[in-house]
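Engineer: quick check, what structure comes out for this input:
(4 chains)
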There are 4 protein chains.
Amino acid sequence: MMKKICVLTSGGDSPGMNACIRAVARTAIYNGIEMEGAVGGFSGLVRGDFVPLDSRSVSNIIQRGGTILKAGRCKEFHRIRQRKIAYSNMDKQGIDGVVVIGGDGSFRGAHQMTLEHRVPVVGIPGTIDNDIYGSDTIGFDTAINTALSSIDKIKDTSISHGLPFFIEVMGRHSGFIALETSIAGGAEAALLPEVLHDLETVKNTVVECKKNGKMSIMVVVAEGNESGGAKAAGERIKRATGIDYRTCVLGHTQRGGSPTAKDRVLASRLGYRAVNELMRGTTDMMIGELNENPTLVPLKEAWSRKKEISVQDLEMVKVFSI
Amino acid sequence: MMKKICVLTSGGDSPGMNACIRAVARTAIYNGIEMEGAVGGFSGLVRGDFVPLDSRSVSNIIQRGGTILKAGRCKEFHRIRQRKIAYSNMDKQGIDGVVVIGGDGSFRGAHQMTLEHRVPVVGIPGTIDNDIYGSDTIGFDTAINTALSSIDKIKDTSISHGLPFFIEVMGRHSGFIALETSIAGGAEAALLPEVLHDLETVKNTVVECKKNGKMSIMVVVAEGNESGGAKAAGERIKRATGIDYRTCVLGHTQRGGSPTAKDRVLASRLGYRAVNELMRGTTDMMIGELNENPTLVPLKEAWSRKKEISVQDLEMVKVFSI
Amino acid sequence: MMKKICVLTSGGDSPGMNACIRAVARTAIYNGIEMEGAVGGFSGLVRGDFVPLDSRSVSNIIQRGGTILKAGRCKEFHRIRQRKIAYSNMDKQGIDGVVVIGGDGSFRGAHQMTLEHRVPVVGIPGTIDNDIYGSDTIGFDTAINTALSSIDKIKDTSISHGLPFFIEVMGRHSGFIALETSIAGGAEAALLPEVLHDLETVKNTVVECKKNGKMSIMVVVAEGNESGGAKAAGERIKRATGIDYRTCVLGHTQRGGSPTAKDRVLASRLGYRAVNELMRGTTDMMIGELNENPTLVPLKEAWSRKKEISVQDLEMVKVFSI
Amino acid sequence: MMKKICVLTSGGDSPGMNACIRAVARTAIYNGIEMEGAVGGFSGLVRGDFVPLDSRSVSNIIQRGGTILKAGRCKEFHRIRQRKIAYSNMDKQGIDGVVVIGGDGSFRGAHQMTLEHRVPVVGIPGTIDNDIYGSDTIGFDTAINTALSSIDKIKDTSISHGLPFFIEVMGRHSGFIALETSIAGGAEAALLPEVLHDLETVKNTVVECKKNGKMSIMVVVAEGNESGGAKAAGERIKRATGIDYRTCVLGHTQRGGSPTAKDRVLASRLGYRAVNELMRGTTDMMIGELNENPTLVPLKEAWSRKKEISVQDLEMVKVFSI
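Structural biologist: Residues are numbered from 1 along each chain as shown, chains lettered A, B, ... in the order given. Below you'll find the predicted structure:
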């Protein structure tokens, strides 16, 4: 029978991680299991930096951005010697189950643990990028709403001055944030990492919109698009068309903030299920939820398979730009 | 071939209706179809109150709450004589397709039209209550985030003063708003229309929480719960336990406001699909989306079948209250 | 020389109290003075419930609603015997200066202390009602912005349905919240505690607005207006005119939430000045700021004199209602 | 007697301009004066692009960012020939009074008009920078709250990862936004245009904070600080200390969005007074309000005199950084 579970948050922080820590801790405690939090992600395991969590430790955090357990990338964990120290620290604490909240890099670490150490480990997808196969991710809904609120504000200025804006959002390898915010923000075009050679099309859209007397023109650019970002894209289109523009890079504001209802509910459900799965011996799996349906995906699959963007959504951006 | 589509919003307004009107109008215009809006819902058809919509008419509305076409319940439409006037008005305008955005009452009206008039009619679920079978509804995500923002604020006071709060949210016949906001708000208990005889359980939870020294105690009450609302529930528990309390009725604030990303995307997709479905002759159907999957549900089914709340979600509220 | 200061928050909580606690604590520590917080207001003094505050104790709270020191009204403090216990507890802790953050009731307690105990005591105005003579109050700006955000949402529904709304805001004895939010929300009329026999005027305004085809009609009602609140006012006007209406009581949501920039800056300045004033021996005074100008007001004056509402502002509501 | 007033918004847009247009229009109409809006600022006068405004034209805009009359800088207005066309257009419209809402550049244009054309002209300060002598400016309060909301989000990440952030806010020549947001955001330091050679001090603060184990380190940088912005400042401190950092440039998001209560009230009062002043013949003056007190400042003084930042506020940032 499981006696003590350790939870950690790893990689970039995302809104809802605290809601998830709370759900993991309270579900465990409700089932008579003790809880520890490792501070600073995997590096907390290596340094033996644990904090005991009781029910009150996670009070009043469900609405907070960031993570009370700190997060971070952990290079030491790539070396077997450091990992062995981590396992030894975990044994000393009597930890017989681990919940890792994070993105693909964190899942690699979690998977590695299952190969080398005897305790069950499950992953929960926490990343604003939504780029995990087989699940929605904690933080994505908040990130797009934060970005959207900025885009709405920029639209006010774009309309008042008749100036096109190129707005850069997060997404190095995936265009989910860019695509959803361009639909929701009423942007005229989106430049995604997944679509190649799209600058020409976007240029034509901008020219067309200008001609049609659109009140505002906005292009949402994922940072990972081949054009090289908002500034580069705007500049190249200006050179080709003479149309002046402004840029705005939303940056790290997209990572923080109080999580939305959806992210809190998702985080709560995944935390609840993670403990229940650990209790029945599940290991090396991601506890996911795709479109409100519970999923259980091998960790390896979660980071190695590609989640596709919707072709219809991209088509809609074009149709609505008229 | 379809030449002119009419769109109307009916019943209570919900955030995202404007995003949906925009999507319907631009998709139609993109496909060479003319657009009219009926003002004030079905009563606009009866009064012959139409406004032509071009692409610019729906500029800069995607982020606005309410509905530019006005909404409202229409009693006249219950009488055949008034409906015949409506059909005649529609014929004069050359309308050969109708999109009705609204809730169950609106779908009844739309269905009635398909029985008596020759043009195809489709429905789009727009209501904050999420009580439509076979689809998520436009406005629900905004409503729960609005309610949540109030609950977060009340939590500050509940913690600062150590006073339990009974918070009343919308939901006459369905507990979706209450259930989601109680999970997301970290409430200790929820009173739903779907669950009978739950006041005793909630009373015990409140007593238990008080004993456990919880920082705050909050009970979310759907207006349709058998207890009779927040005031009645709080009073009955006070009488039984002596525990003092405060109430807050969130009321109409839950209907308005700028729609969330999710509601705007949902509204855009449903509007886009509605026009495409009309073009291929679909009628008497609701254009829906359930958990990101497109659905097509007979209008009658949409209002007559019951959408169930999640038992696991309700269990989670209990577990997290420790 | 001052060695140890005690800070407490008292009365109803208001957004910005945490920012003020932080400012008091850090200014004291910066000047080599130790800090204690009394938990739960004056009752913390009576119970001897103190927490030492170092610089890290007040980290990451500037943006939080509520108060980390808890607040509350303290009836025991009305009795001399309890107060003597409080003074004795303070002496045991070595407290030689006190900062009381709260409203008029709290200032009475603070003033009483200066009469009976030898340590200097200053007050800082923290209340959402803005009803303190000689100073703006911490929490007022947040409260009106919170109320405004609700009023904006209600406006969406009022416009969509053509229904007048009577919206009740806080303010038992003063109409500052009602007056500012009715201007900022674009309401057609305001009912304040300070103005008698105004229901007739408001009735005429509502009738006039209806006749003029206003898109929305909103009346903001302070809870302390002689009409008896939103429901009573709406009902009486309906009876006289037949005009149907809806109500919304904003309630406790107005007390909580993350403080605005203005409230955080005000709280920071007042906390900073309070410690500096204590260091120079000031006592029995409120540390205030009126329209960005520092003020220093005898505590007694602060609660006994009446702050007046602006006649021009009230006139403006009328002019803008056309 | 005044018969027709023209209102225009000029320069960069700022939140609250719409509230001000509404106030000007309704106050004029209430007093029996006709209203015209010039579209696109001064260029609207030159192009003869006027829109008549009645009471309904300004419905439902008080809460909107941007400006329904469009804004923009107008180079043509620097040439006498273009200005004469403008005056002629104004005469044709029968305009005998002008309200110019904007910043210093707009006030120069307004002042020039008073020298060359016989109608009275008054200015209203609308700019997010707050850099107008003798008045608060419409849009400043919204801008700092918008920036603050981003800073709060960045703080979540800064705390979770232990990384210092350099955050760039608007302010080419004045540090009001940077100073207020650094106090309100709890930033450890501010770099302003008004303070020279401050990078060394800030470097020491960052080193000190790192040593003291602060949960987060944030430096707010006004774009006009001599360091050259957030990136440049962060880089130079990194080179000197080895401390890694992140940057975020808030950019144009600060210009838009729904205005705060304070900005709407300020805009309403200034618009109301502007019309009343024009009616009594006032010209060549800015209608201002400084800390809630009405002011009347010669236009020339408004743009040529320097508004000073508060030394005490800057000192507070230092004290609170411990």
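
Engineer: looking at this, residue A:151 is in a helix?
Structural biologist: Yes: assignment of residue A:151 by DSSP: H, G, I helix; E, B strand; the rest coil places it within a helix.

Engineer: spell out which parts of the stretch 101-250 of chain A neighbour chain B.
Structural biologist: Selection of the stretch 101-250 of chain A residues close to chain B by C-beta under 8 Å from any C-beta of the partner chain yields A:141, A:144-145, A:148, A:152, A:155, A:159, A:180-181, A:183-186, A:212-216. (C-beta placed from N, C-alpha, C; glycine too.)

Engineer: burial count for residue A:21?
Structural biologist: Here the number of neighbours of residue A:21 (other C-beta atoms under 10 Å in any protein chain shown) works out to 29.

Engineer: likewise the one 10 residues further on?
Structural biologist: Applying other C-beta under 10 Å, we find 15 other residues in the vicinity of residue A:31.

Engineer: hmm, it is touching residue A:272, no?
Structural biologist: No: shown here, residue A:31 and residue A:272 do not form a contact pair, counting by C-beta atoms under 8 Å, at 10.5 Å.

Engineer: what sits against the nearest residue to residue A:216 once chain neighbours are set aside?
Structural biologist: Closest residue in space to residue A:216, ignoring its immediate chain neighbours: residue A:158 at 3.8 Å, by C-beta to C-beta, 6 or more residues apart in numbering or on different chains. By C-beta atoms under 8 Å, 6 or more residues apart in numbering or on different chains, the contact list for residue A:158 reads A:164-165, A:216-218, A:246.

Engineer: and what of residue A:113?
Structural biologist: Contacts of residue A:113 (C-beta under 8 Å, 6+ apart): A:83, A:87, A:98, A:119, A:121.

Engineer: from the chain's centroid, how far away is whichever strand or helix holds the second one?
Structural biologist: If you go by DSSP states H and E, residue A:87 is part of helix A:80-93. Shown here is helix A:80-93, whose average C-alpha point lies 28 Å from the average C-alpha point of the whole chain (C-alpha atoms, centre = their mean, to the nearest Å).

Engineer: with stretch A:59-76 instead?
Structural biologist: So, by C-alpha atoms, centre = their mean, the centroid of stretch A:59-76 is 13 Å from its chain's centroid.

Engineer: is chain C contacted by that stretch?
Structural biologist: No: using C-beta under 8 Å from any C-beta, stretch A:59-76 stays clear of chain C, with a minimum separation of 9.1 Å.

Engineer: quick check: mean pLDDT across that stretch?
Structural biologist: For stretch A:59-76, mean pLDDT rounds to 92.

Engineer: next one: stretch A:16-23
Structural biologist: The average of the pLDDT scores along stretch A:16-23 is 98.

Engineer: CA atoms only: put it into PDB for me.
Structural biologist: Provided in PDB are the C-alpha atoms of stretch A:16-23 (Å, rounded to 0.1, in the frame of the first residue of the first chain):
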ATOM      1  CA  GLY A  16      -2.800  26.000 -12.800                       C
ATOM      2  CA  MET A  17       0.200  24.200 -11.400                       C
ATOM      3  CA  ASN A  18      -0.800  25.300  -7.900                       C
ATOM      4  CA  ALA A  19      -4.300  24.100  -8.400                       C
ATOM      5  CA  CYS A  20      -2.800  20.700  -9.400                       C
ATOM      6  CA  ILE A  21      -0.400  20.500  -6.400                       C
ATOM      7  CA  ARG A  22      -3.400  21.200  -4.200                       C
ATOM      8  CA  ALA A  23      -5.500  18.500  -5.900                       C
END
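
Engineer: is any part of that stretch close to chain B?
Structural biologist: Yes: shown here: stretch A:16-23 in contact with chain B (C-beta under 8 Å from any C-beta) through A:19, A:22-23.

Engineer: does that stretch come close to chain C?
Structural biologist: No: with C-beta under 8 Å from any C-beta as the criterion, chain C is not reached by stretch A:16-23; the gap is at least 12.6 Å.

Engineer: and for that stretch, what are the contacting residues?
Structural biologist: With C-beta under 8 Å, 6+ apart, stretch A:16-23 has contacts from A:7, A:9, A:37, A:53, A:58, A:61-69, A:71, A:101, A:124, A:126, A:138-139, A:142, A:259, A:263-264, A:266-272, B:184, B:186, B:316, B:320.

Engineer: look up how far chain D lies from the residue of chain A positioned farthest from its centre.
Structural biologist: In terms of distance from the mean C-alpha position of chain A, residue A:211 ranks first, at 37.8 Å (C-alpha atoms, centre = their mean). Distance, residue A:211 to chain D, by C-beta to the nearest C-beta, to the nearest Å: 19 Å.
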